[in-house]
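Peer 1: Got a sequence here, can you model it:
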Amino acid sequence: MKLSELLEDGVICFLQTSRRDEVLKSLVEALAVSGKIPDEEAFFDAVLKREKIVSTGIGMGVAIPHARLEGLDRFFIAVGVQRSKGGIDWNAIDGFFVRLIFMIGGPADQQTEYLHILSQLTAAIKDEKRRRGLLMAESAEDICNLFVGY
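Peer 2: Below you'll find the predicted structure:
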């Protein structure tokens, strides 16, 4: 599956909060409302558990929290764009605050597909022009348009 298809079918949120756990909760709630996850609490707990292992703040102002669970039948992405200039302290590997969050979820037994999605996403967000465009986006459509071809 293409990254652009996952984004078009995903959830996109423009966030005001600057606290990591509140951001995670907001994205998980949006996924639950959209019907992407059947058990909001289990998915949220899995995401937090993953964050405790090592921060998903990968640098460049980006975090990629993720969880794979039994009972999920397909992959999905929720995108969060943090609107305030300060950013979110995510304990990122480069020490910078995060403003772009890409939450990935999917089936526990599909490691290869998960790695493919992660690889596509990482390659796409290395583009500084794209990251700037994401921060300036006014709508979900604007965000999806920045990933056409991926």
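Peer 1: Not counting sequence-adjacent ones, nearest residue to Ile58?
Peer 2: Ile64 (5.8 Å; CB to CB, 6 or more residues apart in numbering). C-beta here means a position set from N, CA and C on the backbone, and glycine is covered the same way.
Peer 1: so who does that neighbour touch?
Peer 2: Residues in contact with Ile64, defined by CB atoms under 8 Å, 6 or more residues apart in numbering, are Thr56, Ile58, Ile101, Phe102, Met103, Ile104, Leu118, Leu121, Thr122.
Peer 1: now the fourth one, which residues is it bridged with?
Peer 2: Just to be clear, that refers to Phe102. Counting by DSSP bridges, Phe102 is bridged to Val79.
Peer 1: Closest one to Leu3 out of the contacts of Ile64, please.
Peer 2: Leu121 (6.0 Å; CB to CB).
Peer 1: Which elements pack onto the helix or strand harbouring that closest one?
Peer 2: Counting by DSSP states H and E, the element that carries Leu121 is helix 111-125. Contacts defined by 3 or more CB pairs under 8 Å, 6 or more residues apart in numbering; DSSP states H and E place helix 111-125 against helix 3-8, strand 66-69, strand 100-107.
Peer 1: closest to Leu135 out of those?
Peer 2: Among these, the nearest to Leu135 by CB to CB is strand 100-107 (7.1 Å).
Peer 1: where's the closest one relative to the chain centroid, distance-wise?
Peer 2: How far strand 100-107 lies from its chain's middle: 4 Å, per CA atoms, centre = their mean, to the nearest Å.
Peer 1: Over to stretch 13-20?
Peer 2: The answer for stretch 13-20 is 12 Å, by CA atoms, centre = their mean.
Peer 1: On the three-state scheme, Ser18 is what?
Peer 2: coil (DSSP: H, G, I helix; E, B strand; the rest coil).
Peer 1: about what we covered before: check the contacts of Ile64 for burial and list the buried ones.
Peer 2: Listed as buried from those are Thr56, Ile58, Ile101, Phe102, Met103, Ile104, Leu118, Leu121; burial here means 16 or more other CB atoms under 10 Å.
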